[in-house]
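J.: build me a model:
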Amino acid sequence: MKRLFVSLRTCIIRARFELDGRLTLGTGSNRINRLTETVTLQLGTYSVTLQPGSFKSGDDGGFLFRRAISGVSLHLRVVSLGANSHSIRAQSSGVNLTEITTPVTVPLTIGDDSGTTTATVPHDD
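T.: Okay, the predicted model is just below:
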């Protein structure tokens, strides 16, 4: 990925986070396919990998994952914005964020495309 921008909101006491971002694929990218490629998202010490076929097509052309993994409820949505640009939104609850520090490193990998950014963590107690 050429660029990955992320806005992050966490709530340590309630063990949840919200992540909003935009990613831009580089000129050498073969595009992303959320239906057939593995997706890995990391937030501090929390990491989740979604296997191919985990996403479902949404009514608006976006792709959605909504399921619990190891006791963590995760909703992840990826929408194409055109011209190699995509929005990503993740919401999670039941995740252990006690070790998170700010700024936090946020790597995202979709298939063979990956990017990393850092985000400030505003704690919403």
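
J.: was I right to think Thr118 contacts Pro103?
T.: Yes: assessed by CB atoms under 8 Å, Thr118 is found in contact with Pro103 at 4.2 Å. The C-beta positions use only the backbone N, C-alpha and C, and glycine is treated the same way.

J.: for this protein, longest strand please?
T.: strand 72-82 (DSSP state E).

J.: so for Thr49, what's the nearest residue that isn't a sequence neighbour?
T.: The shortest distance from Thr49 to any non-neighbouring residue, by CB to CB, 6 or more residues apart in numbering, is to Thr40 (4.5 Å).

J.: likewise Gln51?
T.: Nearest one to Gln51, counting by CB to CB, 6+ apart, is Thr38 at 6.1 Å.

J.: where in this protein is pLDDT low?
T.: Applying pLDDT under 70 to the chain flags residues 1-14, 123-125.

J.: all strands for it, in order.
T.: Under DSSP E, the chain gives strands at 3-11, 16-24, 39-43, 46-50, 56-57, 63-69, 72-82, 85-93, 104-110, 113-119.

J.: nearest to Asn30, of those strands?
T.: Comparing the strands of the chain against Asn30 with CB to CB, the closest turns out to be strand 113-119 (8.1 Å).

J.: pull the distance from that closest one to the chain's centre.
T.: 10 Å (CA atoms, centre = their mean, to the nearest Å).

J.: any buried residues in it, and which?
T.: Buried residues in strand 113-119, counted by 16 or more other CB atoms under 10 Å: Asp113, Gly115, Thr117, Ala119.
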